[in-house]
Every structure is written in C-alpha cells, then in structure tokens.
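**Student:** sequence unknown, structure follows:
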C-alpha cells in the first residue's frame, strides 16, 4: 500500500456543485483538512457533501461563511474517510464566492 499526502484546491466555487475529489478504484482517501473561504463582500452559505451511490450525505448544509472569513469543515480531531467512487462536493449560495483548500491522504 502506498500512502500519498496531497492537496486539492477549488477557486471561485459558486451555485453549481464543484467536485473537490473523486476517489479512484482500489483507493481510500482520508480528508484531514478542509476550509472554505468567502471571497465576496457579503455573507454566503455553503453545502459540503459526499455523493456515494447517487445519494448525497452532508457534512454541512447551508452553513454561513462570513465576509472575510472561512469555515473549517474538516480538521483538528475530525477526519473523513472516503471510499472508491465517493465524490466530495461543495456548492455556494452565491456565484464565484468560495475558495476551497482540502488536504488529504490517499491510500492505494
């Protein structure tokens, strides 16, 4: 088994869901950190969820991200394990309003 630390970045996430990562076959991904930063001049809300077998499982739903602030979705003691074919997604209430930085460990 190979363990590889990596990061994923998404710029200007808006009202269409952005896929942060899709886990490949024979792979597990452990999300060890995830932050969503508001890049606009108004508060926005953000949804972060995992799609598994066409079902959405929310980590946060309609969580407010203040002006000039960020929301830590995963970090500290909390980790999220994704399995093969899972997709981690983010969507905002406002167009081009959220930057996302995700740190992960991929195990193949």
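**Tutor:** Happy to help now that I have it. Since the model is a prediction, treat every value here as computed from it, not as a measurement.
**Student:** now do the same end-to-end measure for stretch 38-51.
**Tutor:** 23 Å (C-alpha to C-alpha, to the nearest Å).
**Student:** same check on stretch 73-86?
**Tutor:** OK, stretch 73-86 end separation, C-alpha to C-alpha: 17 Å.
**Student:** and that stretch, how far out from the chain's middle?
**Tutor:** Put simply, stretch 73-86 sits 9 Å off its chain's centre (C-alpha atoms, centre = their mean, to the nearest Å).
**Student:** again with stretch 72-88
**Tutor:** Its chain's C-alpha centre and that of stretch 72-88 lie 8 Å apart, by C-alpha atoms, centre = their mean.
**Student:** same check on stretch 86-106?
**Tutor:** For stretch 86-106, the distance to the chain centre is 4 Å (C-alpha atoms, centre = their mean).
**Student:** now the end-to-end length of it.
**Tutor:** 13 Å.
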